[in-house]
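In: have a look at this fold, sequence not included:
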């Protein structure tokens, strides 16, 4: 196995280019530049971009070009050495990391400081057929596939003589009524409505079913806004069934936990996340699939090793006894805390525990409506829509992407949604194994 010849300058290796890893790398480079320190920052990631995941429902709904929700690492992090490969294993005693890629043999990297931010993958349960036939919403491939799958099935239904098969092709099931699943079904509903209007049939012939084992839609935004979202979605003809989930699944139907059988060709599974598979290979304590860390994001018993974002069970100092939820808001803030505390370990500045103030959530529910609770202020309707889009546009960490997204929203205000099938993603590429790297059982 080829190995790099470290030593040289002190080396910080960051695993993962999601919100936490990207933010950590960017802020750490700024701290090092200001301190005039010669430290090598290495970012190991299977993709050469950072993905702004909150806008994936807009990609699935055909509103935003997927190029606009990815931030080029080469452009955004010019001082960082990129290793575009998958982190396969970590030797905490020897301070080495093994990376693999289909394009070159396995390589071993040594490190002086290690930051583990490999992110998360969709949490799968033992539902027969789910891994083979369901699709998630964690990657560009999955978002594009859901858009293409819906449009493809609608086109096939137009020429289907068997009414039962036609109905199945015009049925969409989304499992998960938190903000991600709710945003997804709202955007897919809008895409389907646009298709029906332009093809000249009743949009009500396209059936949408939203499932969740919880007793509320979007409990994250509170009862008042959750009820408003529930009423809006039902008003758009979406069948919402709470305290209900999937029991089993095939390529043409799902069986619900109440034994109802629903024929459907399009099923999205958006029920939450768990830590990346790499974490299970470390031999370290996990909580809810996430790596246990202390309040300063350090891994207990391993000085110089840190973790954050969806991969870490970070103590929530604002709610003692709990851990911070796996949201982009927390991951971004933890990325900054990681950079600060890694720099402190290099003798620059002082380490500090991770504290946060809840800034609230914004949830886009399709044409003309959103709900939001910024700083605890409850908003809904068009004002919330404006706040939601402004927030996401501002939060995308690169100016050219913000410009492209703003222009797209302005264009969509006066033009219909595009309905062309592009055929960019195969079912295999969008599977949980092919897209998210979840090991097959």
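Out: On my side now, so go ahead. Everything numeric in this text was worked out from a predicted model, so none of it was measured.
In: need the pLDDT of residue 4.
Out: Per-residue pLDDT puts residue 4 at 67.
In: check contacts around the closest residue to residue 266 other than its chain neighbours.
Out: The shortest distance from residue 266 to any non-neighbouring residue, by CB to CB, 6 or more residues apart in numbering, is to residue 172 (4.6 Å). Using the backbone N, CA and C atoms, a C-beta is placed for each residue, glycine as well. With contacts defined as CB atoms under 8 Å, 6 or more residues apart in numbering, residue 172 is in contact with 150, 185, 188, 192, 206-209, 264, 266-268.
In: give me the subset of those residues that lies in helices.
Out: Those of the contacts of residue 172 mapping onto helices are 150, 185, 188, 192, per DSSP state H.
In: farthest-separated two in those residues?
Out: 150 and 185 (11.0 Å; CB to CB).
In: host element of residue 226?
Out: Following DSSP states H and E, one finds residue 226 within helix 223-235.
In: tell me the SS of residue 401?
Out: Secondary structure assignment for residue 401 (DSSP: H, G, I helix; E, B strand; the rest coil): helix.
In: quick one, strands of the stretch 251-400 of the chain?
Out: Counting by DSSP state E, counting those that start in this stretch, the segments of the stretch 251-400 of the chain that form strands are 253-256, 261-263, 266-269, 273-275, 286-287, 290-292, 305-307, 312-313, 362-364, 370-372, 379-380.
In: let me fix that, I meant to ask about the stretch 101-250 of the chain.
Out: With DSSP E, counting those that start in this stretch as the criterion, the stretch 101-250 of the chain has strands spanning 104-110, 113-116, 120-122, 171-175, 207-212, 238-242, 246-249.
In: now do the third one: which elements does it pack against?
Out: In this structure, strand 120-122 packs against strand 273-275, helix 432-436, with contacts taken as 3 or more CB pairs under 8 Å, 6 or more residues apart in numbering; DSSP states H and E.
In: what's the answer for the longest one, then?
Out: Of the remaining helices and strands, those touching strand 104-110 by 3+ CB pairs under 8 Å, 6+ apart are strand 96-101.
In: rewinding a little: pick out whichever of residue 150 and residue 185 has more residues nearby.
Out: Neighbour count, other CB atoms under 10 Å: between residue 150 and residue 185, residue 185 has more, with 29 against 25.
In: skipping adjacent residues, who's closest to the more buried one in space?
Out: Residue 185 sits nearest to residue 174 (CB to CB, 6+ apart), 4.4 Å away.
In: against residue 116, how distant is that neighbour?
Out: In this view, residue 174 and residue 116 are 31 Å apart by CB to CB, to the nearest Å.
In: quick one, which of those two is more surrounded?
Out: Neighbour count, other CB under 10 Å: between residue 174 and residue 116, residue 116 has more, with 32 against 28.
In: stretch 351-370 - what's its average pLDDT?
Out: pLDDT averaged over stretch 351-370 gives 91.
In: offset the numbering so it begins at 278, please.
Out: Done: numbering now begins at 278, and the last item shifts to stretch 628-647.
In: okay, how far is it across it, tip to tip?
Out: 39 Å (CA to CA, to the nearest Å).
In: buried by neighbour count: which residues of it qualify?
Out: 631, 635, 637-644, 646-647 (16 or more other CB atoms under 10 Å).
In: got the contact list for the residue nearest to residue 490 when sequence neighbours are not counted?
Out: Counting by CB to CB, 6+ apart, residue 522 is the residue found nearest to residue 490 once chain neighbours are left out, at 5.0 Å. Listed by CB under 8 Å, 6+ apart, the contact set of residue 522 reads 452, 488-490, 533-534, 548.
In: for residue 522, give its distance to residue 402.
Out: From residue 522 to residue 402 the distance is 8 Å (CB to CB).
In: what does residue 473 give?
Out: Distance from residue 473 to residue 402, by CB to CB: 33 Å.
In: the more surrounded of the two?
Out: residue 473 (17 against 12).
In: I'd say the more buried one and residue 466 touch.
Out: No - assessed by CB atoms under 8 Å, residue 473 is found out of contact with residue 466, at 10.5 Å.
In: any chance you could map the helices in the stretch 528-677 of the chain?
Out: 605-622, 659-672, 676-689 (DSSP state H, counting those that start in this stretch).
In: what's the first one packed up against?
Out: Put plainly, it is helix 605-622. helix 296-312, strand 390-393, strand 582-584.
In: apply 10 Å and report the result again.
Out: strand 287-292, helix 296-312, strand 316-322, strand 390-393, strand 582-584, strand 589-590, helix 659-672 (3 or more CB pairs under 10 Å, 6 or more residues apart in numbering; DSSP states H and E).
In: list the buried residues for it?
Out: For helix 605-622, by 16+ other CB under 10 Å, it's 605-620, 622.
In: do the same with the last one
Out: Of the residues in helix 676-689, those buried under the neighbour-count criterion (16+ other CB under 10 Å) are 678-679, 681-682, 685-686, 689.
In: chain center to that helix, what's the gap?
Out: Put simply, helix 676-689 sits 20 Å off its chain's centre (CA atoms, centre = their mean, to the nearest Å).
In: please apply the same query to the second one.
Out: Taking CA atoms, centre = their mean, the mean C-alpha location of helix 659-672 is offset from the chain mean by 18 Å.
In: quick revisit: can you tell which of the strands of the stretch 528-677 of the chain is closest to residue 316?
Out: Closest approach to residue 316 among the strands of the stretch 528-677 of the chain (CB to CB): strand 582-584, 14.8 Å.
In: what packs against the closest one?
Out: strand 287-292, helix 296-312, strand 390-393, strand 567-569, helix 605-622.
In: what does the shortest one rub up against?
Out: Strand 567-569 has contacts (CB atoms under 10 Å, 6 or more residues apart in numbering) with 393, 395, 397, 550-553, 555-557, 559, 561-563, 576-577, 582-592, 600-601, 603.
In: now do it, average pLDDT.
Out: 97.
In: for stretch 319-326, same thing?
Out: Here stretch 319-326 scores 97 as its mean pLDDT.
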